[in-house]
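**Student:** how would this look folded up:
(one chain, ligands or ions: 2)
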Amino acid sequence: MATINVSRNYTMREKFYLPAIFQGLRITLKRFIQGFVFHKKYTIMYPEEKREYSQRFRGMHFISLDENNIENCTACLLCETVCPSECIHIVADERDPAQNPYGVRKEKRPLSFDIDAIRCCFCGFCEESCPKDAIKLSRNYELSVLSRGEAIYNLDHLKRKVIGRG
Ligand code: SF4
Ligand code: SF4
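**Tutor:** Ligands and ions are numbered 1, 2, ... in the order given. Predicted structure coming up:
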């Protein structure tokens, strides 16, 4: 593979570095004085306090349910196909015709539905592409886990109601 060298012409001011260092120190000093003298706070006591996020904020997904608490997903695989991060993995199955009150409207179901939240870039394409309004992005951003495996959310988890929407 060829290597591309990208050169950049620095100005005299950039080469000197000191103006940038003093600019950083000036901001630090300003914040220190504002906090120390005027008691202005830039941090919050999370998790007791939480910041307001934009209405357009996209957090962890959930799968919406119908009036019978059955997932709206019909395992069409559109979301899996459109996902740029390839982090959705669905195994489709046929709904038992004897216990299917929906007929052809819901003849397929997801046998498993996994989303790898570490790979996900929360672009929202899956939500936009879903013809059943089944997969949705919530406003839940509290996704800390202790291992990578825990960041793979399965169907049971995705069907649970989540903060703010669901
Ligand atoms: S939000 Fe984007 S990256 Fe995440 S699962 Fe949906 S389509 Fe994939
Ligand atoms: S969530 Fe929507 S797009 Fe994804 S498989 Fe289910 S019905 Fe299709």
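**Student:** drop to CA atoms for contacts and neighbour counts, all remaining ones
**Tutor:** Will do.
**Student:** next structured bit after the lengthiest helix in the chain?
**Tutor:** Looking across the chain with DSSP state H, the single longest helix is helix 18-36. Using DSSP states H and E, the helix or strand that follows helix 18-36 towards the C-terminus is strand 61-63.
**Student:** who are the packing partners of that next one?
**Tutor:** strand 135-137, helix 155-159 (3 or more Cα pairs under 8 Å, 6 or more residues apart in numbering; DSSP states H and E).
**Student:** so which of the ones you listed gets nearest residue 65?
**Tutor:** Residue 65 lies closest to helix 155-159 among the helices and strands packed on strand 61-63, at 7.2 Å (Cα to Cα).
**Student:** please enumerate residues in contact with the closest one?
**Tutor:** Applying Cα atoms under 8 Å, 6 or more residues apart in numbering, the contact partners of helix 155-159 are 61, 62, 63, 64, 65, 71, 112, 113, 114.
**Student:** format these as CSV; extra columns: neighbour count, distance to residue 77 and pLDDT.
**Tutor:** Below are the contacts of helix 155-159 laid out as CSV (neighbours: other Cα atoms under 10 Å; distance: Cα to Cα, whole Å; pLDDT from 0 to 100):
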residue, neighbour count, distance to residue 77, pLDDT
61, 26, 16, 96
62, 25, 16, 96
63, 25, 14, 96
64, 21, 16, 94
65, 18, 17, 93
71, 20, 14, 93
112, 14, 12, 97
113, 22, 10, 97
114, 20, 12, 97
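**Student:** contacts with ligand 2 among these, please.
**Tutor:** For ligand 2, no contacts are drawn from the contacts of helix 155-159 by Cα under 6 Å from any ligand atom.
**Student:** need the max-distance pair from those.
**Tutor:** Greatest spacing in the contacts of helix 155-159, by Cα to Cα: 65 and 114 (16.6 Å).
**Student:** one step back: how about the contacts of helix 155-159 in TSV, adding distance to residue 47?
**Tutor:** As requested, the contacts of helix 155-159 are exported to TSV (distance: Cα to Cα, whole Å):
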residue	distance to residue 47
61	21
62	22
63	26
64	27
65	29
71	31
112	32
113	30
114	28
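**Student:** right, I'll call it a day here.
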